[in-house]
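[1] just the structure for this:
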Amino acid sequence: MKRVAVIGAGGSGISCARHLSRFPETFQFTVYEQSEQVGGVWVYDNPTPGKIPKDVRVSLQNGTKTSLYRSSIYKNLWTNLPKEIMLFPDLPMDDKQPSFLHHSDIKTYLEKYIHSFGLDKFIQFGHLVENVSPVPMGDDSSAAVDMVKWVVSTRCVKSGESKSEEFDFVFICSGHFFEPNIPDFKGLLSFPRPVIHSNCYREPEPFADKEVLVIGVGPSGLDIMLDITKHAKVVYLSSRREYLKTKVPDNMEWLPDVSELKENGRVCFENGEERSVDCVVLATGYLYSYPFLSEESGIKVVEGKRVADLYKHTFNVTHPSMAVVGVNTGYIPFPSSDLQVQWILAVWSGAMILPPKPEMIQEIEDIYKSRLEEGLSAQKAGHYLQEKQWELYDQFASLGGLKPMPPVIKKLYNTVCQIRKHQIMDFRENNYQVDGEDSFFLKNYNY
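    As a prediction, the model looks like this:
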């Protein structure tokens, strides 16, 4: 019997629990969750209702960047992918529900998932993982997955009691949406107006009648811009290029990258224009961080932008008995985790064998360099997938001897992404119905 530790009870963590529970004679496992509930990033909290949240520059004191809020969910967040392709394959949702769901529906769905498969008993809520360290068991040059044991040290949040346990395998499912990426803009620290990160954004009402600058055009930046425009006087959306080719709110204006934040409350942009703003929202993404991992673990985070030496964004090359689930961005979370976890367990059970360490490292570096040569930034070259995700999923299935992801998921994903680019304000009004492994309907149209 092999012991497995799962760190985190968000979507990735409960996917691990689901598949581990299918092999009770092979794996004995424990899921550690810092909070008192499942859901991870889907758990909504609002400690400052009716107020502009804490200034993100508080987290820069003493040269540190610490998370202000554990969750990044805001009040009016709705999914930007339809439920028909973003849920776990073994638990569909009622067809009466719309395709695009409110964040509370996803939280309820995850709760239903653990109850439906009896996963509650495996989760230790209110337990913070403080340290994970390997204990050598053999020759470090070996590619075997059992060359080390893992000592996992935890602390009960309520009682303060600490304990350490030994495991054969470790799943890292702690997510990467909690340590804000704070760009070093000229004048940032002396700017007299509030500067918040999307991690802390919760509701649009505190921005009523204000002039707000949103920096970043990722999914969060666009959604928050749309949310704030319903109340603000004007919202300036800053990005490297004019991304939007669609109708936008009348009180939104696009501007290029920020060049300076001035002490008089004005913002300078790279085209030479200036605007006076009442607040800045940084929708500038997150940094990778695993503070509980020891240096000996083999997991290396490069400037917060990339987790180095992860074979196919999954296996710790140094110690393959540790795997990270959900490290990617620009992908479909739940179905991909479902497939990824099954591949990991196929390796850990001995049914599949990983390549030798030098081959894995060479592949990782070759892919990273090729993506840099394509013009991607260091952060995107690391784990951003988008069109690359389908090849990775096929590899998970092939390497794990698993059923591939149905083609309809790719078709519907790509369709929604195209519609979203041209109908940013109302793409969520569409409802879809999957009609088999390879087709879906949008209203009366068959794709």
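[2] and the helices in the stretch 301-447 of the chain?
    Taking DSSP state H, counting those that start in this stretch as the criterion, the stretch 301-447 of the chain carries its helices at 333-348, 357-373, 378-383, 389-400, 407-422.
[3] distance from the fourth one to the middle of the chain?
    Relative to the centre of its chain, helix 389-400 is centred 19 Å away, using Cα atoms, centre = their mean, to the nearest Å.
[4] how about the CA coordinates for that helix, as CSV?
    Taking Å, rounded to 0.1, in the frame of the first residue of the first chain, the C-alpha atoms of helix 389-400 are listed here in CSV:
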residue,chain,number,x,y,z
GLN,A,389,-3.2,22.3,-24.8
TRP,A,390,-4.7,19.8,-27.3
GLU,A,391,-1.4,18.2,-28.1
LEU,A,392,-0.6,17.9,-24.4
TYR,A,393,-3.9,16.3,-23.6
ASP,A,394,-3.3,13.8,-26.4
GLN,A,395,0.0,13.0,-24.9
PHE,A,396,-1.5,12.5,-21.4
ALA,A,397,-3.9,10.0,-23.0
SER,A,398,-1.3,8.2,-25.1
LEU,A,399,1.3,8.0,-22.4
GLY,A,400,-1.3,6.8,-19.8
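[5] rewinding a little: hey, which of the helices of the stretch 301-447 of the chain is tucked in deepest?
    Neighbour counts (mean count of other Cβ atoms under 10 Å) averaged over each of these peak at helix 333-348, with a mean of 23. Every C-beta, even on glycine, is put in place using the N, C-alpha and C of the backbone.
[6] mind giving me the packing neighbours of that helix?
    Using 3 or more Cβ pairs under 8 Å, 6 or more residues apart in numbering; DSSP states H and E, the elements in contact with helix 333-348 are helix 11-20, helix 83-86, strand 169-172, helix 389-400.
[7] quick one: contacts for P89?
    P89 makes contact with 335, 338, according to Cβ atoms under 8 Å, 6 or more residues apart in numbering.
[8] which SS state does it fall under?
    Under the three-state scheme (DSSP: H, G, I helix; E, B strand; the rest coil), P89 adopts coil.
[9] neighbours of the closest residue to P219 other than its chain neighbours, how many?
    Excluding the flanking residues, the one nearest P219 by Cβ to Cβ, 6 or more residues apart in numbering is N80, at 5.6 Å. For N80, the count of nearby residues is 17 (other Cβ atoms under 10 Å).
[10] burial of the nearest residue to S276 once chain neighbours are set aside, as a residue count?
    Using Cβ to Cβ, 6+ apart and skipping the chain neighbours, the partner closest in space to S276 is R266 (5.0 Å). Neighbour count for R266, taken as other Cβ under 10 Å: 15.
[11] list the contacts for R266?
    Neighbours of R266 in contact, by Cβ under 8 Å, 6+ apart: 274-277.
[12] could you pull out the strands for the stretch 201-350 of the chain?
    Assigned by DSSP state E, counting those that start in this stretch, the stretch 201-350 of the chain shows strands spanning 211-215, 234-238, 252-255, 258-261, 266-269, 274-276, 279-282, 300-302, 306-308, 310-311, 315-316, 322-324.
[13] for S190, which of those is the nearest?
    strand 258-261 (7.8 Å; Cβ to Cβ).
[14] give me the residues contacting that closest one.
    Residues outside strand 258-261 that contact it (Cβ under 8 Å, 6+ apart) are 185-188, 190-191, 195, 213, 215, 238, 267-270, 280.
[15] can you rerun that using 6 Å?
    185-188, 191, 238, 267-268, 270 (Cβ atoms under 6 Å, 6 or more residues apart in numbering).
[16] could I get the buried residue list for that strand?
    For strand 258-261, a neighbour-count test (16 or more other Cβ atoms under 10 Å) marks 258-259, 261 as buried.
[17] per-residue pLDDT, M147?
    We have a pLDDT of 77 for M147.
[18] again, but for Y69
    64.
[19] and which of the buried residues of strand 258-261 is nearest T284?
    Lowest distance from T284 to these (Cβ to Cβ) belongs to V258, with 10.5 Å.
[20] what about this structure, any weak spots by pLDDT?
    Along the chain, segments meeting pLDDT under 70 span 60-70, 138-146, 444-447.
[21] domain-wise, how is it divided?
    2-44+73-178+287-400, 195-282, 407-446 (automatic domain parsing).
[22] tell me, how many residues neighbour the residue nearest to E203 when sequence neighbours are not counted?
    Leaving aside its sequence neighbours, E203 sits nearest to K75 (Cβ to Cβ, 6+ apart; 4.5 Å). Neighbour count for K75, taken as other Cβ under 10 Å: 16.
[23] K75 and L282: what is the separation?
    Distance, K75 to L282, using Cβ to Cβ, to the nearest Å: 19 Å.
[24] minimum distance to D55: which of the domains of the chain has it?
    D55 lies closest to domain 195-282 among these, at 5.7 Å (Cβ to Cβ).
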